[in-house]
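Student: sequence? don't have it. structure:
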DNA sequence: GCCATAAATTTGGTATACCATTAGGGGCCT
DNA sequence: AGGCCCCTAATGGTATACCAAATTTATGGC
């Protein structure tokens, strides 16, 4: 058993997704599709503003429309795509105002999480964050922007997780997902790594000193500088390429 | 009067009645179902922990399983219900820890929103909030707990809306929805209205003085007292009624 | 009489078929 | 010649049918 066995409709489906011999739990297809779509959006393989044709995408993912639509509904409530009544789904393409709003919210949540983490984090968690910090320094030294970005994200996730409040961590993860693409591009093209690096030093310092107020305020301003980079980047882009956009 | 409190009781009211001859805009069924389910959950007509049988519920709502399932998926990502792989959906029944976590998050978001609203809110918005405050006093004078509760919610929603950040307002609405049932019951049975009332006076004062820091900190502690009431109530309940729960 | 195992029923998961609505194109009328 | 309207194709919305897994129940053996 355990081989999802929907072979009836699609006879040859070379799906290596779930291990057949493993007695582990088979994950629901809708969830798999949702996760896959999340990845596709976050990795920009589904471009922002792109129209999603259900039948095509369903065939591409080798699933039926039903689980795909359910996944779509989930991503819509997460804010990753937008659903128009009879016009289908498009990948969310936040404008500058939305990005600013989301960063403001994300900053607030990180500040809250940091404040709590400063008092609640275990020594082990702090040690791990310090380890990640060094990894980030390593990535910086190697000028490995991708690794730098990932570790950077991991650090923030770890701080948020250290507050011991899953609800906060979940909210953070969601908002972050909506900004992931933007921040990724910003990271790849921006010049000033050092400001973020300095701030991260302060963050670690405040955390280890268990200084709630300081950690909180640093995290707020930290995302403020992120906003600066993003808006600068957006400016230079609209300058040069003039993104395709609907006009009235 | 415009923007009376009743409008804020439920996120948005669907159109259960079919348009007579009007061919304007038929709202998607899935959305209607989702809205209806939200209301049912929030009004406790679908009890916490209750198992949801898709076929029954679909028949009860006179829709097919497909839109119902899509709606279910949406509510699941919103945290209002929980989906177990093959055991179906149950109405989310947060335990004390989860409630505390959610209140902590909600407090943080309200604090953030308040801080921003203190500087950004228009005079008209502040006036409207004051008007709502008086409505709440009226409900208090009449000992109308339901109205009091609704106006109370409306005030907080108005403050959050006044921060001019839809992302924050949306996040707030979602977290609040998950706590609505709990807070509603707490409100109906708790004795001490006055503490909340006093705090609301301070809130209004800080907002009109445009004192960001004060408004922010008051909103944080305000939900702290909410936690006190909720936990007290939970205590007395487990004392007296012994909620129906699965036993080994 | 009790426990274990297997069958049946129930329930959720998935696929497909069908219907309604909307966008696009071409022809007709002004 | 240009704009309005109708017709057609495509796409999303809804319903139903079928399959697999899980729970419950019945039955047989200890």
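Tutor: Structure's in. What do you need? If you're wondering where the values come from, they're calculated on a predicted model, not measured in any experiment.
Student: mind listing what's buried in stretch A:199-207?
Tutor: Neighbour-count burial for stretch A:199-207, counted by 16 or more other C-beta atoms under 10 Å in any protein chain shown, picks out A:199, A:200, A:202, A:203, A:204, A:206, A:207. No exception for glycine: its C-beta is placed from N, CA and C like everyone else's.
Student: residue A:161: which of these is nearest?
Tutor: Proximity of those to residue A:161, judged by C-beta to C-beta, is greatest for residue A:207, which lies at 12.7 Å.
Student: name the SS class of that closest one, please.
Tutor: Taken by DSSP: H, G, I helix; E, B strand; the rest coil, the conformation at residue A:207 corresponds to helix.
Student: isn't it up against residue A:126?
Tutor: Yes: Residue A:207 lies in contact with residue A:126 (C-beta atoms under 8 Å); the separation is 5.9 Å.
Student: residue A:156 - how many residues pack around it?
Tutor: Residue A:156 is surrounded by 23 other residues when neighbours are defined as other C-beta atoms under 10 Å in any protein chain shown.
Student: list the contacts of it.
Tutor: A:110, A:172, A:176 (C-beta atoms under 8 Å, 6 or more residues apart in numbering or on different chains).
Student: re the thing from before, out of the buried residues of stretch A:199-207, which are inside helices?
Tutor: A:199, A:200, A:202, A:203, A:204, A:206, A:207 (DSSP state H).
Student: also within reach of DNA strand D: list those from these.
Tutor: Residues of those in contact with DNA strand D (C-beta under 7 Å from any atom of the strand): none.
Student: ok, of those, which one's closest to residue A:134?
Tutor: Distance ranking of these against residue A:134, using C-beta to C-beta, places residue A:204 first at 9.8 Å.
Student: in the helix ranked longest in chain A, what's buried?
Tutor: Of all the segments assigned as helix in chain A under DSSP H, the longest by residue count is helix A:212-240. Neighbour counts over helix A:212-240 (16+ other C-beta under 10 Å) mark A:212, A:214-220, A:222-223, A:226-227, A:229-230, A:233-234 as buried.
Student: could you check whether stretch A:96-104 is close to chain B?
Tutor: Yes: Stretch A:96-104 lies in contact with chain B when judged by C-beta under 8 Å from any C-beta of the partner chain; the contacting residues are A:98, A:101, A:102, A:104.
Student: quick one: contacts of that stretch?
Tutor: When contacts are defined by C-beta under 8 Å, 6+ apart, stretch A:96-104 is touched by residues A:94, A:175, A:178-179, A:182, A:223-224, A:226-227, A:230-231, A:234, B:112, B:116, B:165-168.
Student: buried residues in that stretch?
Tutor: Residues of stretch A:96-104 classed as buried: A:98, A:99, A:100, A:101, A:102, A:103, A:104 (neighbour count, 16+ other C-beta under 10 Å).
Student: try stretch A:144-153
Tutor: Within stretch A:144-153, the residues that qualify as buried are A:145, A:148, A:149, A:150, A:151, A:152, A:153, counting by 16+ other C-beta under 10 Å.
Student: just those residues: which are in helices?
Tutor: Mapping those onto helices (DSSP H) picks out A:145, A:148, A:149, A:150, A:151, A:152, A:153.
Student: I appreciate the help and will end here.
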